[in-house]
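A.B. asks: turn this into a model:
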Amino acid sequence: MPKLGCEPTPTKEIVSAYLNEVKQKVDACIFDFLPHTHEHKDIHQLYQMMLDYPRRAGKGLRPALCLLICEALEGDANRAVNTAAALELLQNWLLIHDDIEDGSELRRGEPCLHQKHGIPMAINVGDALHCKMWELLHRNTDILGHQLSFQILSEFIQLSNQVVQGQHIELSWVRNNQWNLNENDYLTMCIQKTAWYTCITPCRVGAIIAGASNEETDIFIEIGKSLGIAFQIQDDVLNLIGDVGRYGKEIAGDISEGKRTLVLIHLFNSCTSSEAEAVIEIMAQSRSEKTEEDVENVLKLMHKYNSIEYAQQQSKTLLKQAAELFTHNFGHLPDNKAKNLFLSLIHFFVEREY
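C.D. replies: Residues are numbered from 1 along each chain as shown. The predicted structure follows:
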């Protein structure tokens, strides 16, 4: 990846073009790495199923954050491509398992893997991609040397522990039929489930590869928390009001799945007690028990109490905090295109439609 020169603040189109460029580089790395064929027909089928989610159109935000931070901190982004590809593999195996646990129907505009091949097969494919992620990270020893590669592995270990803890929190809410949640409960879950693997770790590993100090690397924990929560809030909003063609998932699927979101928590804090009881009665039902009318009734109440607008405003506030933290701590860096692209990408987190 060539060094980026100084330019004015990138437009939304330039950010989208950069994301596409990163996706192509990372996809090339992944598809060169993953096996495609095998003489045993069943293993050949496994290999083809492993390629399913990686072949679907994704945003590539996590690899982009890794490469941008590496270059913004005056590192060589070429040395980070392998790690960026591992982040994308992580995203894919997590999504396969997450779709099963949530009972989701669509992922990136197509039926979820477990909908196509059944739950046991999908779990095994997710496990296979998980193993390949670690194998890809092991290849970093040829690129970064043993010490730096071990440091990157440690970051992925910390990330993995955070994600499963966050997922357990959310799954426990469903299992225990828990609805008396406040905003802090939601934020804690988001930080562990979403922020660590979407923003914190991608930024940290990019910084580490660039040769950043421990103090500089740790700054990205707070920056990544704000970014990650904002990303999840926008994802929750798009689930309710997005276009299925661009969003790639079932619209209002979070209501069907009984998801606890900031939008829902705001609704509970705003509506009448009788309305709250009605919403809980609907949300507590299984997906198969909910009717389209049930989902629409919850959505109407969210609009009635401006709960979606509230969540959108919270997301914008968090992004402002992230931008200010980055500017305050890294304002001394050369005003190169990577630095400006990162700041523009922050705004993309809430402006995106997919």
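A.B. asks: tell me where the stretch 101-250 of the chain has strands.
C.D. replies: Remark: strands assigned in the stretch 101-250 of the chain by DSSP state E, counting those that start in this stretch are 106-107, 110-111.
A.B. asks: check contacts around residue 319.
C.D. replies: If a contact means C-beta atoms under 8 Å, 6 or more residues apart in numbering, then residue 319 has 226-227, 230, 346-347, 349-350 as its contacts. For glycine as for every other residue, the C-beta is placed from the backbone atoms N, C-alpha and C.
A.B. asks: repeat that for residue 315.
C.D. replies: Residue 315 makes contacts with 229-230, 233-234, 237, 349-350, as judged by C-beta under 8 Å, 6+ apart.
A.B. asks: and the furthest pair within those?
C.D. replies: Using C-beta to C-beta, the contacts of residue 315 span at most 12.7 Å, a distance reached by 229 and 237.
A.B. asks: more crowded one of the two?
C.D. replies: More crowded of residue 229 and residue 237, by other C-beta atoms under 10 Å: residue 229, with 27 against 21.
A.B. asks: how many neighbouring residues does the closest residue to that one other than its chain neighbours have?
C.D. replies: Setting aside the residues directly before and after it, residue 229 is nearest to residue 190 in space (C-beta to C-beta, 6 or more residues apart in numbering), at 4.6 Å. Neighbouring residues of residue 190 were enumerated by other C-beta under 10 Å; the total is 26.
A.B. asks: same deal with residue 151?
C.D. replies: For residue 151, which is what you asked about, the neighbour count (other C-beta under 10 Å) is 16.
A.B. asks: then the one 5 residues further on?
C.D. replies: Using other C-beta under 10 Å, residue 156 has 19 neighbouring residues.
A.B. asks: ok now do it, which residues does it touch?
C.D. replies: Applying C-beta under 8 Å, 6+ apart to residue 156 gives the contacts 86, 90, 133-134, 137, 201.
A.B. asks: closest to residue 251 out of those residues?
C.D. replies: For those, the closest approach to residue 251 (C-beta to C-beta) belongs to residue 90, at 26.3 Å.
A.B. asks: and the helices in the stretch 151-300 of the chain, which stretches?
C.D. replies: Listed from the start of the chain, the stretch 151-300 of the chain has helices (DSSP state H, counting those that start in this stretch) covering 183-190, 201-209, 214-241, 244-247, 253-257, 262-270, 273-283, 292-304.
A.B. asks: report how many residues lie close to the residue lying closest to residue 52 once chain neighbours are set aside.
C.D. replies: When the adjacent residues along the chain are set aside, residue 52 lies closest to residue 113, with 5.9 Å between them (C-beta to C-beta, 6+ apart). The local packing count at residue 113 equals 26, with neighbours defined by other C-beta under 10 Å.
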